[in-house]
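In: Kindly return the folded structure for what I paste below:
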Amino acid sequence: MAGLPLHLYKYTDSGSKEKAIDHPLYRLLHDEPNPEMSSFVFRETLMTHLLLWGNAYAQIIRNGRNEIIALYPLMPNKMSVDRDENGQLYYTYYRGPEEAIRSKETAVTLHPSDVLHIPGLGFDGLVGYSPIAMAKNAIGMAIACEEYGAKFFANGAAPSGVLEHPGTIKDPSRVREAWQSQFGGSSNSGKVAVLEEGMKYTPISISPEQAQFLETRKFQINEIARIFRVPPHMVGDLEKSSFSNIEQQSLEFVKYTLDPWVVRWEQSIQRSLLSEEEKQKYFAKFNLEGLLRGDYESRMNGYAIGRQNGWMSANDIRELENLDRISAEEGGDLYLINGNMLPLKDAGAFRI
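Out: Coordinates of the predicted model:
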């Protein structure tokens, strides 16, 4: 989301669209939402908030003419959304560190017109629910798996066990500590133990192979990726990916994963950052064309079809390929069509 081109457009009198470069909001969305961060960092921050907390908030700063001059991210865990006795929506933001007690002294009430709110999936249509909270069991299992692996290898990749003595040991704790200091930890792995007085060592824990440690880790990676609808190959799992299907999986990622987020962003920007009058003429749009483009040969074949059938000009194609425009005098804006084609109704007009 942060790397996608984001532009503000306006409708022209001819019904087409063009970039609204002169509008103050264009620079805020495309370049710099505030003096402290770039558009990339701003969108990356809000998208992180969305994925972790299910909501993204930004304070809207206006000048005396009610024009938006800056957007500042707000922490979702410090924000609450509610309605007053008249049913009007309002936001309460609590200043200070996260551990600070929420009180009237730290509370700031914000009007909906002062907040850009992008909610994720929720239950009331107002506030999104945290994906992390909804998938806490899957994430907890992944954490437990990580902790098990860390402890196992910290112990020298050796399972725990029991030291057995045929007689009676006066000080078993001393024997245990001596054994641990000599053979415990990764730095002591590979040492040879010498057992005296008929002592015997019996391992009691399950090995990683028996516990299917690697399989469990791989499954949990895919489980967490599924929370965010991310295909496995994008998190490094290439087991079921191949040269023939990797492009299709990438296109599905754009369609089924990115596109819903794109719509949430675009509609929230339209609702919160444009006046009622501006909504009739302006709209924000992410450009997904770069992610949807196929390989070079497929693109050229598609352009050739569009060019030969009159719905793409040379400049249309060059713009998609990020190339400089050809002047109108040189035919850059001409739309060409095959002269052998004619309307179906005129097909019978030619007789021999």
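In: which residues in the stretch 201-350 of the chain form helices?
Out: Chain-ordered helices for the stretch 201-350 of the chain, with DSSP state H, counting those that start in this stretch as the definition, fall at 213-227, 246-252, 259-273, 289-292, 296-308, 314-320.
In: So which residue is smack in the middle of the chain?
Out: Here the mean C-alpha position of the chain is nearest to the C-alpha of Met47 (CA atoms, centre = their mean), at a distance of 6.1 Å.
In: Relative to Val263, how far out is that residue?
Out: Distance, Met47 to Val263, using CB to CB, to the nearest Å: 14 Å. (Each C-beta comes from the backbone N, C-alpha and C, glycine too.)
In: Pull the number of nearby residues for the closest residue in space to Leu320 that isn't next to it in sequence.
Out: Residue nearest to Leu320 in three dimensions, not counting chain neighbours: Glu289, with 6.4 Å by CB to CB, 6 or more residues apart in numbering. In terms of burial, Glu289 registers 11 neighbours under the definition other CB atoms under 10 Å.
In: and if you look at Pro33?
Out: Neighbours of Pro33 under the rule other CB under 10 Å: 26.
In: just Arg174 next, same as before
Out: As a burial measure, Arg174 scores 10 neighbours (other CB under 10 Å).
In: what do you get for Glu36?
Out: Glu36 has 11 nearby residues by other CB under 10 Å.
In: likewise the one 10 residues further on?
Out: Leu46 has 25 neighbours, counted by other CB under 10 Å.
In: For it, list the residues it contacts.
Out: When contacts are counted by CB atoms under 8 Å, 6 or more residues apart in numbering, Leu46 is found next to Ala56, Ala58, Pro73, Ile118.
In: Just the residues contacting stretch 281-291, thanks.
Out: Stretch 281-291 is contacted by residues 1, 4-11, 20, 23, 25, 29, 250, 254, 258-259, 262, 265-266, 269-270, 273-274, 320 when judged by CB under 8 Å, 6+ apart.
In: next one: stretch 12-20
Out: Contact with stretch 12-20 is made by His7, Leu8, Tyr9, Lys10, Tyr11, Tyr26, Tyr282, as judged by CB under 8 Å, 6+ apart.
In: pretty sure the second one is in contact with Leu25, am I right?
Out: Spelled out, it's Leu8. Yes - Leu8 lies in contact with Leu25 (CB atoms under 8 Å); the separation is 5.4 Å.
In: how about the helices in the stretch 51-200 of the chain?
Out: When assigned using DSSP H, counting those that start in this stretch, the helices of the stretch 51-200 of the chain occupy the ranges 131-134, 136-154, 172-183.
In: Now the shortest one: average pLDDT?
Out: Okay, so that is helix 131-134. Confidence over helix 131-134 (mean pLDDT, whole number) is 83.
In: and Leu8 and Leu25? which has more neighbours close in?
Out: Neighbours were tallied for Leu8 and for Leu25 using other CB under 10 Å; the higher tally belongs to Leu8 (24 against 20).
In: Tell me the secondary structure at the more buried one.
Out: Assigned with DSSP: H, G, I helix; E, B strand; the rest coil, Leu8 falls in the strand class.
In: for stretch 48-56, which positions count as buried?
Out: Taking 16 or more other CB atoms under 10 Å as the basis for neighbour counts, the residues of stretch 48-56 that come out buried are His49, Leu50, Leu51, Leu52, Trp53, Gly54, Asn55, Ala56.
In: which residues sit in contact with the first one?
Out: Translated: His49. Applying CB under 8 Å, 6+ apart, one finds that His49 lies in contact with Asn55, Ala56, Tyr57, Pro73, Met75, Pro76.
In: With the fourth one instead?
Out: Contacts for Leu52 (CB under 8 Å, 6+ apart) come out as Pro76, Ser130, Pro131, Ile132.
In: Swap in 10 Å and give it another go.
Out: If a contact means CB atoms under 10 Å, 6 or more residues apart in numbering, then Leu52 has Pro76, Asn77, Gly120, Ser130, Pro131, Ile132, Ala133 as its contacts.
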